[in-house]
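Asker: What follows is a predicted protein model with its sequence.
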Amino acid sequence: MPSLSLEKEVRGRITLVGLALLGAYFLSTAIARVEISVLIGVALFFAAVAVAFIRGTDALYLVIFAILFSPELGSGVATGKTGGEGTALVVRAEDVLLVAVGLGWMLRSAYIGRRFGIVRSPVNAAIWWYMTASIIATLLGVIGGTVRPKSGLFHNLKYFEYFFLYFMILAHVRQRRAGIRMIWALLVVFFFAMIYGYTQIGTGGRLVAPFDAEPNTFGGYIVLMMCLAVGIALEDRRVQVRTAMVLLVLFATPVLLFTLSRASYIALTAAVFAFLIFSRHRLLVASIMLALVIALAVGLPLLPDRVQKRVTGTFERGTQYHVQIAGIDLDPSASARVISYRKAIEVWADKPLFGHGVTGTLFVDGQFVRILAETGVFGLGAFLYIFARLLGEVRRVTASTRERFFKGVAMGFQCGVFAMLAHALGANSFIIIRIAEPFWSLAALVLIIPRFEAEAEAETQPDAAAAAVARPYAEEPAPAATWPDVSGRSL
């Protein structure tokens, strides 16, 4: 009997070794045939899952730092009829990280017995409406033959990824200290991105973000983060913080100019007017605005020739494309953009309700016109509804927040929303990873500022504020849960 059991044990070990050798053979064969970028993506995925499972919220810092510094891992899905900025489906390390962190977060929540779900906020319903309209439009496009199924599916998933980040931060960030660290992490990434921009100034080309080739994207990101820094500088009374933010804005200004992005210049103008309207420091903002206008008028001849030509050349008549608006000639680039808008509206008129589906029409370098052509009036209406709800809630948070740092963050983001809406007139701003991910990260952080203040209140008055701290953690579907409103009413 002992010899029989020993024989079985030996056979089992031999079988196990054989299977291991066979598995190693097939694995090595597969590795030899797979591109190195795919292997890097797989390794990055499992590493991020492990970090998210072990460290929890700390994994979100990986996502934040990857927003600007994530290389491409591959791009295998054809875009159908559209192409260009914001249309080619490119898989970056950031995409892998985001999915991995989300998976690790759910595994950790299940392991420790915590509920995980989608936190209720005033913006959720508008997001669901937009996602529904986009999916319906794409399905109709597949049926009608204007959308390739694989292209429509993956592009929708890519766009919804940004909403997933928003939902994940709402549910993931539960402590005031973590929120503050994430905001500073975004600013640190911004600083390093500006250093990268300075390394390109002497090359003679337009400045772009790391691992990117589109100056318009980089310019939009810079304007958004400048709004955040200006908001903090205006509201935070700590001298060291205010000084750091002012220096950061000054440091970023030359980089923004050398992107030569006219959409970003328009966005910056919109941001200045937004601060003039919504900030309590209107006199200071107006003084700075007047000084900038005078400096621009006096110093325009001192600006680099490329910047001057990019601004003044907008109104020079072109030979290939020529469009006039109110009797003013536009250069070929601006004329081509206007012509594409006209064509997109003509295409939209054929299917006004749900459009031609995502990737189902011609390329349009403008967010609103593109959404109209792809998802029709239902999609565009839902998209605008998102920002109506978002701006309303951000404004309430800005008005109610007592802590100066958070008030500055909320004010900066509020003006940044208007800046990005202006930027979207000439770019696909809200479907580009370099802009959309920091935008929705900030949106989530701003909307949970009441949670942070309730936590600080609970530290001083634990009995009175216990309910207020618990309230923002409500998850869908939980009919009794409410989102904290500054007026004290339930939303």
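Answerer: Good, I have the coordinates. Small disclaimer: the values here were computed from a predicted structure and weren't measured.

Asker: Scan the chain for its longest helix.
Answerer: In the chain, taking DSSP state H as the definition, the longest helix is helix 367-400.

Asker: what's the offset of that one from the middle of its chain?
Answerer: 15 Å (Cα atoms, centre = their mean, to the nearest Å).

Asker: gap between the helix or strand following that helix and the chain center?
Answerer: Next along the chain after helix 367-400, taking DSSP states H and E as the criterion, comes helix 404-423. From the chain centre to the centre of helix 404-423 is a distance of 14 Å (Cα atoms, centre = their mean).

Asker: circling back to that earlier point, now the longest helix of the chain against helix 404-423, angle please.
Answerer: Angle of helix 367-400 versus helix 404-423, following axes from the mean of the first three to the mean of the last three Cα atoms, to 10 degrees, is 160 degrees.

Asker: list the helices and strands helix 367-400 packs on?
Answerer: Contacting helix 367-400 under the criterion 3 or more Cβ pairs under 8 Å, 6 or more residues apart in numbering; DSSP states H and E are the following elements: helix 124-144, helix 332-348, helix 404-423, helix 433-447, helix 449-460. (Each C-beta comes from the backbone N, C-alpha and C, glycine too.)

Asker: for those, which one sits closest to V364?
Answerer: With respect to V364, and counting by Cβ to Cβ, the nearest of these is helix 332-348 at 4.5 Å.

Asker: For that closest one, give the mean pLDDT please.
Answerer: Averaging pLDDT along helix 332-348 yields 79.

Asker: Now do that helix against helix 367-400, angle only.
Answerer: Angle of helix 332-348 versus helix 367-400, following the same axes, to 10 degrees, is 100 degrees.

Asker: Could you give the separation of helix 332-348 from the chain centroid?
Answerer: On Cα atoms, centre = their mean, the centre of helix 332-348 falls 26 Å from that of its chain.

Asker: so what secondary structure elements neighbour it?
Answerer: On a contact count with 3+ Cβ pairs under 8 Å, 6+ apart, helix 332-348 meets helix 367-400.

Asker: Please state the mean pLDDT value computed over the helix it packs on.
Answerer: 94.

Asker: so it versus helix 449-460, what angle?
Answerer: Helix 367-400 runs at 20 degrees relative to helix 449-460, counting by the same axes, to 10 degrees.

Asker: residue contacts, the closest residue to R176 other than its chain neighbours?
Answerer: Excluding its sequence neighbours, the residue lying closest to R176 (Cβ to Cβ, 6 or more residues apart in numbering) is F452, at 3.9 Å. Counting by Cβ atoms under 8 Å, 6 or more residues apart in numbering, F452 makes contact with R176, G179, I180, E403, F406.

Asker: closest to L276 among the residues you listed?
Answerer: F406 (21.8 Å).

Asker: and that closest one, how many neighbours does it have?
Answerer: By the criterion of other Cβ atoms under 10 Å, F406 has 26 neighbours.

Asker: now, the most widely separated pair of the contacts of F452?
Answerer: Distance extremes for the contacts of F452: the farthest pair is G179 and E403 at 11.0 Å, using Cβ to Cβ.

Asker: Could you pull out the helices in the stretch 1-150 of the chain for me?
Answerer: Along the stretch 1-150 of the chain, the segments classed as helices by DSSP state H, counting those that start in this stretch run 2-33, 36-55, 59-66, 93-112, 124-144, 149-172.

Asker: Export the ones you listed as CSV, with columns for mean pLDDT.
Answerer: Below are those laid out as CSV (pLDDT from 0 to 100):
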stretch, mean pLDDT
helix 2-33, 59
helix 36-55, 73
helix 59-66, 85
helix 93-112, 77
helix 124-144, 94
helix 149-172, 88
